[in-house]
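Student: fold the stuff below for me.
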Amino acid sequence: MAELHIGSQGVIKFTTYSQGEFVDSASITASVKPGPTTAIPNPTSTSLTVINDDVNEGSYYAYVPMSLTLSGEAKYIDFYASYTIPGNSTQSVINRRYYLVRPYAAIDEVIEACSFGLDKSDPNHKTYDEVAAAERYARYRINAYTGQRFDASSKTVEVLGDGTDTILLPERVESISKVTVDDVVVFSDTISNYTFTITPTNHAIRVDKPAGIEAFETYPYTEDIAEPAYFKRGKRYAITGVFGYENIPSEIYEATILLANDFFHQDTVWKNKYIKRMQTGDWNIELSGQAFTGTGNATADRILEPFIANRMVVI
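Tutor: Just a heads-up that it's a prediction; the model follows:
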């Protein structure tokens, strides 16, 4: 999946070719357009400055303005390029979609933590693309192992009440801005018939009720008094808010550094090929079976254990 980091001046690389051969173009234009958001439902295109890398035939790149990636509200950016080849006036087009993602560790953080060289003459030098690939490898391994993603997005989640004052949510919630019951708004910026509290696990919300209110209520209940078992069984509740993780947990950051560093080690290649045992000359290497069930790094697995979704207790 093509991706750009949120808040970065992402670079888009592409090539021009004709009849199976890479060739420099006679003319070329490029632009990007972010996906729609609540604030900007119909975004406009922004022209890019296309640069020839002057090394490889038909190789170009362009920088995406940081203003288009900074907020993270848009989920993706569409890239469009049109070019012609010398001696051929027919236009060729390139259409790509780049998803905006939040890295679990910034590129400079990975370089610093792993002691990668910044100078090209450094034997431990890693290019920007290599470090980005290492972070992406680590992020995907963490997502697969924990069964969840550590980003944040504003959205609405629907759940059914189960006859209690607390309702479980299928995703972790950071904040809530609106609650509806069968499409009737009961809580928002302007309506506060009830107030709600997010539980310590961040996987449920409960209605705030004065202590002992159930003991003094009589039937029929008045509309201005919170009812016992607020989340009625079978009622449809829509919770709008920010779901996920607004900030990367420190454990996720540490696991990302460990796995990004592993990306450049030879044993990663072996594990990706399902090689369990190797013997050559005077040495013999045998990998534990756990190397193929977790992230491939025992320390990272231990760090990530509390975040494994199917082992979480949500109350």
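Student: roughly how far does residue 138 sit from residue 264?
Tutor: As judged by CB to CB, to the nearest Å, residue 138 and residue 264 stand 11 Å apart. In short, each C-beta sits where N, CA and C put it, glycine included.
Student: neighbour count for those two, which is higher?
Tutor: Of the pair residue 138 and residue 264, residue 138 is the one with more neighbours under other CB atoms under 10 Å, namely 27 against 17.
Student: so who does the more buried one touch?
Tutor: Applying CB atoms under 8 Å, 6 or more residues apart in numbering, we find residue 138 in contact with 104-105, 255-260, 262-263.
Student: which two from those end up farthest apart in space?
Tutor: 104 and 262 (14.2 Å; CB to CB).
Student: for the stretch 1-150 of the chain, what spans make up the helices?
Tutor: 107-113, 128-146 (DSSP state H, counting those that start in this stretch).
Student: among those, which is the most enclosed?
Tutor: Mean neighbour count (mean count of other CB atoms under 10 Å) peaks for helix 128-146 among the helices of the stretch 1-150 of the chain, with a mean of 19.
Student: tell me which other helices or strands the very next helix or strand once past that helix touches.
Tutor: Toward the C-terminus, helix 128-146 is succeeded by strand 152-160 as the next helix or strand (DSSP states H and E). When contacts are defined as 3 or more CB pairs under 8 Å, 6 or more residues apart in numbering; DSSP states H and E, strand 152-160 sits against strand 173-181, strand 236-244.
Student: and the first one, what does it pack onto?
Tutor: Okay, so that is strand 173-181. The contact analysis (3+ CB pairs under 8 Å, 6+ apart) places strand 173-181 against strand 152-160, strand 184-187, strand 196-198, strand 204-207, strand 236-244.
Student: what pLDDT does residue 284 get?
Tutor: At residue 284, the predicted lDDT confidence score is 65.
Student: got the CA coordinates for stretch 154-172 in PDB?
Tutor: Provided in PDB are the C-alpha atoms of stretch 154-172 (Å, rounded to 0.1, in the frame of the first residue of the first chain):
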ATOM      1  CA  SER A 154     -13.200  10.600  14.400                       C
ATOM      2  CA  LYS A 155     -16.200   8.400  13.600                       C
ATOM      3  CA  THR A 156     -19.500   7.000  14.800                       C
ATOM      4  CA  VAL A 157     -19.800   3.500  16.200                       C
ATOM      5  CA  GLU A 158     -23.200   1.800  16.700                       C
ATOM      6  CA  VAL A 159     -23.900  -0.700  19.500                       C
ATOM      7  CA  LEU A 160     -26.900  -2.300  21.100                       C
ATOM      8  CA  GLY A 161     -27.800  -1.700  24.700                       C
ATOM      9  CA  ASP A 162     -27.800  -4.700  27.100                       C
ATOM     10  CA  GLY A 163     -29.800  -3.500  30.000                       C
ATOM     11  CA  THR A 164     -27.100  -1.800  32.100                       C
ATOM     12  CA  ASP A 165     -25.700   1.600  32.900                       C
ATOM     13  CA  THR A 166     -22.500   0.800  31.000                       C
ATOM     14  CA  ILE A 167     -22.200  -0.100  27.300                       C
ATOM     15  CA  LEU A 168     -19.200  -1.900  25.800                       C
ATOM     16  CA  LEU A 169     -17.700  -0.500  22.600                       C
ATOM     17  CA  PRO A 170     -16.000  -2.600  19.900                       C
ATOM     18  CA  GLU A 171     -13.100  -0.100  19.700                       C
ATOM     19  CA  ARG A 172     -11.100   1.900  22.100                       C
END
